[in-house]
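[1] Provided below for reference: sequence and predicted model.
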Amino acid sequence: MSISMTPNQTLENLYEEAIIQDQPYVLLLIDLLVQEKKVLKMTDHIEALTYYTQEKWRDYVNQHLIEYKKKRGELF
């Protein structure tokens, strides 16, 4: 099951839907960008994630997600 995106959806809406649909990667990415890096806000439109999910940034973002996951004490 995939997460549906509507035209006016915020990161908060996406986060809530990711919880319901058990999408841990989406939750972790939003947590990293909102709570840890503070580059986005929960009230931002979901299109704000587009920059961070570009193919050219994949390895860089994934490394930060791994480090953030370790910092939170989560196992892989």
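    In hand now; what should we look at? Numbering: from 1, shown residues only.
[2] what about Val39, which SS state?
    coil (DSSP: H, G, I helix; E, B strand; the rest coil).
[3] tell me the contacts of Met42?
    Counting by Cβ atoms under 8 Å, 6 or more residues apart in numbering, Met42 makes contact with Thr10, Leu11, Glu12, Tyr15, Ile30, Val34. Using the backbone N, CA and C atoms, a C-beta is placed for each residue, glycine as well.
[4] same check, this time on Val39
    Leu33.
[5] list the buried ones in the top helix by length along the chain?
    Longest helix in the chain by number of residues, with DSSP state H as the criterion: helix 58-71. Going by neighbour count (16 or more other Cβ atoms under 10 Å), the buried part of helix 58-71 is Val61, His64, Leu65, Tyr68, Lys69.
[6] Dump those residues into TSV; add pLDDT as well.
    TSV is the format used below for those (pLDDT from 0 to 100):
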residue	pLDDT
Val61	93
His64	93
Leu65	93
Tyr68	93
Lys69	91
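[7] For stretch 26-38, what does the pLDDT average out to?
    When pLDDT is averaged over stretch 26-38, the result is 95.
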